[in-house]
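Peer 1: Following is a predicted model, sequence given first.
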Amino acid sequence: MDLDAIKRLLALMAENDLVELELEEEGRKVRLRKGGDHSPVTPHVVVTSGNGGGAGPGGPAAAAVPEAASAAKRPDNVVEIRSPLVGTFYAAPKPGADAFVNVGDSVNPDKVVCIVEAMKVMNEIKAEVSGKVVQVLAKNGQPVEFNEPLFLVEKTE
């Protein structure tokens, strides 16, 4: 997906008063979301397949997300699972139930790792990577911000 296509999607969102738009095409997922009442619509591009996505428009270079300062101290194969929205973090599907994942658990891209509740809507957050959970950063019931790291995962190839 090129920059012009993303700009057209942004215009479509503005014209139709959309807060969020998600599109998956050719192994790439594009999620556009308004951050708040006065925030501009910002693109968030994630490459979800390893089948030769390349570094063309919308490729890995466009998928870069600013890393926390502590990321420099981590091994390259340890990645963050971040909150895609502002809300309340829940480690389990309901009070008293076992957590979706714990330190040491294996995850795959489709594995639900937590719930972030926003405006009474329970949003299941998926790992989007394969690997092993090495740290749970968020506390159950705590408020989380957009793009806040929730978990550290050691990727497996």
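Peer 2: Yep, that arrived. Residues are numbered from 1 along each chain as shown.
Peer 1: quick one, strands of the chain?
Peer 2: 20-25, 28-34, 41-47, 78-82, 87-90, 106-107, 112-118, 121-126, 131-136, 143-144, 149-155 (DSSP state E).
Peer 1: got the buried residues for the last one?
Peer 2: Within strand 149-155, the residues that count as buried by 16 or more other CB atoms under 10 Å are Pro149, Leu150, Phe151, Leu152, Val153, Glu154. The C-beta positions use only the backbone N, C-alpha and C, and glycine is treated the same way.
Peer 1: thinking again about what came up before, and the strands of the chain as CSV, adding mean pLDDT and distance to Leu3?
Peer 2: CSV is the format used below for those (pLDDT from 0 to 100; distance: least, CB to CB, whole Å):
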stretch, mean pLDDT, distance to Leu3
strand 20-25, 76, 15
strand 28-34, 75, 11
strand 41-47, 45, 9
strand 78-82, 95, 23
strand 87-90, 96, 30
strand 106-107, 96, 32
strand 112-118, 95, 29
strand 121-126, 94, 27
strand 131-136, 96, 31
strand 143-144, 96, 30
strand 149-155, 96, 28
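Peer 1: The residue nearest to Asn108 when sequence neighbours are not counted and Asp110, how far apart?
Peer 2: Nearest non-adjacent residue to Asn108, counting by CB to CB, 6 or more residues apart in numbering: Ser130, 4.9 Å away. To Asp110, Ser130 is 10 Å away according to CB to CB, to the nearest Å.
Peer 1: that older thread, now for the strands of the chain, which one comes closest to Ala11?
Peer 2: Nearest to Ala11, of all those, is strand 41-47, at 9.4 Å by CB to CB.
Peer 1: Export the strands of the chain as JSON lines, with columns for distance to Ala5.
Peer 2: Converted to JSON lines, the strands of the chain look like this (distance: least, CB to CB, whole Å):
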{"stretch": "strand 20-25", "distance to Ala5": "9"}
{"stretch": "strand 28-34", "distance to Ala5": "9"}
{"stretch": "strand 41-47", "distance to Ala5": "10"}
{"stretch": "strand 78-82", "distance to Ala5": "24"}
{"stretch": "strand 87-90", "distance to Ala5": "29"}
{"stretch": "strand 106-107", "distance to Ala5": "31"}
{"stretch": "strand 112-118", "distance to Ala5": "27"}
{"stretch": "strand 121-126", "distance to Ala5": "24"}
{"stretch": "strand 131-136", "distance to Ala5": "31"}
{"stretch": "strand 143-144", "distance to Ala5": "30"}
{"stretch": "strand 149-155", "distance to Ala5": "29"}
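Peer 1: Thank you, goodbye.
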